[in-house]
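Asks: Got a predicted structure plus its sequence, pasted below:
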Amino acid sequence: MNSDNNAVNSITPKPHTMVNILVEMNMMGIDPDPFLKLTAQDLLTQYGSGAIEISTKIEKNLILERDFQSAKLWHKISYYLRSIHRTDIIAAH
């Protein structure tokens, strides 16, 4: 379990860094959602079935830090991870 906490701490973004990039993308007319989907896929590649738990922990940590914009982004990443997981389950049947 300690390794999961280390993973969460090592990939938790600095306050507003990720948000600023995605806001800038949106202002330029670039949809940031594909970036979030790529992030979800990369987490899944790196952490396997633990990716959803890690993503959810990051989201909760950001809420505790009152960084609601970043937490919203991680909520979307968690959503994409769950979608990928459901698709994998369906494909396996």
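Replies: Good, I have the coordinates. Numbers count the residues shown, from 1 in each chain.
Asks: Name the helix or strand for residue 75, please.
Replies: helix 68-92 (DSSP states H and E).
Asks: Would you mark the buried spots in that helix?
Replies: Residues 70-71, 73-78, 80-81, 84 are the ones in helix 68-92 that count as buried (16 or more other C-beta atoms under 10 Å). In short, each C-beta sits where N, CA and C put it, glycine included.
Asks: and it, what other elements does it pack with?
Replies: helix 17-27, helix 33-47, helix 51-64 (3 or more C-beta pairs under 8 Å, 6 or more residues apart in numbering; DSSP states H and E).
Asks: right, so those helices: which one is the most enclosed?
Replies: For the helices and strands packed on helix 68-92, the largest average neighbour count (mean count of other C-beta atoms under 10 Å) is found in helix 51-64, namely a mean of 19.
Asks: just to revisit the earlier point, include mean pLDDT when you put the helices and strands packed on helix 68-92 into a markdown table, please.
Replies: Formatted as a markdown table, the helices and strands packed on helix 68-92 follow (pLDDT from 0 to 100):
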| stretch | mean pLDDT |
| --- | --- |
| helix 17-27 | 79 |
| helix 33-47 | 93 |
| helix 51-64 | 93 |
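Asks: Tell me the spacing between residue 48 and residue 79.
Replies: Per C-beta to C-beta, to the nearest Å, residue 48 is found 18 Å from residue 79.
Asks: Return the residues in contact with residue 19.
Replies: 67, 69-70, 73 (C-beta atoms under 8 Å, 6 or more residues apart in numbering).
Asks: Residue 78 and residue 30, how far apart?
Replies: 22 Å.
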